[in-house]
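Enquirer: Got a predicted model here, sequence first, then my questions.
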Amino acid sequence: NAGVTQTPKFQVLKTGQSMTLQCAQDMNHEYMSWYRQDPGMGLRLIHYSVGAGITDQGEVPNGYNVSRSTTEDFPLRLLSAAPSQTSVYFCASSYSHRPANYGYTFGSGTRLTVV
Amino acid sequence: DQQVKQNSPSLSVQEGRISILNCDYTNSMFDYFLWYKKYPAEGPTFLISISSIKDKNEDGRFTVFLNKSAKHLSLHIVPSQPGDSAVYFCAAYNTDKLIFGTGTRLQVFP
């Protein structure tokens, strides 16, 4: 089925460990982005990409790294996990960076716990 | 500094009545506004959007109103149904970034 696929769905990390959250889309979307959702904070933009080879920072980029080597994939790397990074992470994609009349398509999320 | 604010964390409405969800923003450069709906353990799903050059957009039971002078938008759901119970996020777009509010939990009871 076409859509945004995030893996893993759940992950527990120890403080200081690194990991990569995977995001893939098969809709040939140029625009992809990562958000984190925390209670009372809504969704906050971490990093985004307007096309392969192009990435930029969002509202809360510290502690996270991204790259976009292909149109389909946009992995999010945690370099040294901290308890403050405990959150639900969502990946989104869109045909265009301008959401216009169709918005962004979101994946089902990765729930990350850092202990 | 929160650019998009939803000041009501929750709203409870009887089935069949109107639900009105509100959103305020601070950045006058936003040029699209969107509403998303989110069920537990799922990603947000797009509901409806409005361009900054319009003041109203309708799609079935959902209508979004934009008041640029007040930097305020609202989502009207008429009639409300139990399946509408979810968290609703407003979002605003400018220069490659879609910024979300904190969400309003809507409960529609029979």
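Expert: That came in fine, so what should we check first? Since the model is a prediction, treat every value here as computed from it, not as a measurement.

Enquirer: Quick one: residues contacting the residue most central in space within chain A.
Expert: Centroid-nearest residue in chain A, with Cα atoms, centre = their mean: A:Trp34, separated by 2.8 Å. Neighbouring residues of A:Trp34 by Cβ atoms under 8 Å, 6 or more residues apart in numbering or on different chains: A:21, A:23, A:45-48, A:58, A:64, A:66, A:74, A:76, A:89-92. Placement of C-beta: from N, CA and C, glycine included.

Enquirer: Now it: closest residue in space that isn't a chain neighbour?
Expert: If you skip the residues right next to it in sequence, A:Trp34 has A:Ile46 as its closest partner in space, 4.3 Å away by Cβ to Cβ, 6 or more residues apart in numbering or on different chains.

Enquirer: Could you export whichever strand or helix holds that neighbour as CSV, CA atoms only?
Expert: Of the helices and strands defined by DSSP states H and E, A:Ile46 is found in strand A:42-51. Included here for strand A:42-51 are C-alpha records, laid out as CSV according to Å, rounded to 0.1, in the frame of the first residue of the first chain:
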residue,chain,number,x,y,z
GLY,A,42,1.8,19.4,20.0
LEU,A,43,4.0,18.3,17.1
ARG,A,44,7.3,20.1,16.7
LEU,A,45,9.3,20.1,13.5
ILE,A,46,12.8,18.6,13.9
HIS,A,47,14.3,18.5,10.4
TYR,A,48,12.9,18.7,6.8
SER,A,49,14.0,18.1,3.3
VAL,A,50,12.6,19.7,0.1
GLY,A,51,14.4,17.1,-2.1
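
Enquirer: Quick one: mean pLDDT over it.
Expert: Throughout strand A:42-51, pLDDT has a mean value of 95.

Enquirer: Off-centre distance for the next helix or strand after it?
Expert: Next in sequence after strand A:42-51, counting helices and strands by DSSP H and E, comes strand A:54-57. If you compare the mean C-alpha spot of strand A:54-57 with that of the full chain, they lie 12 Å apart, counting by Cα atoms, centre = their mean, to the nearest Å.

Enquirer: repeat for stretch B:65-74
Expert: Centroid displacement of stretch B:65-74 relative to its chain, using Cα atoms, centre = their mean, is 11 Å.

Enquirer: Give me the mean pLDDT for that stretch.
Expert: This predicted structure assigns stretch B:65-74 an average pLDDT of 97.

Enquirer: contacts for that stretch?
Expert: Looking at stretch B:65-74 with Cβ under 8 Å, 6+ apart, the contacting residues turn out to be B:20-26, B:28, B:33, B:50, B:52, B:54-56, B:64, B:76, B:90.

Enquirer: From the opening residue of it to its closing one, how far?
Expert: One end of stretch B:65-74 to the other measures 5 Å (Cα to Cα, to the nearest Å).

Enquirer: Repeat that for stretch A:60-77.
Expert: For stretch A:60-77, by Cα to Cα, the gap between its terminal residues amounts to 14 Å.

Enquirer: Check which residues of stretch B:83-96 are buried.
Expert: Of the residues in stretch B:83-96, those buried under the neighbour-count criterion (16 or more other Cβ atoms under 10 Å in any protein chain shown) are B:84-94, B:96.
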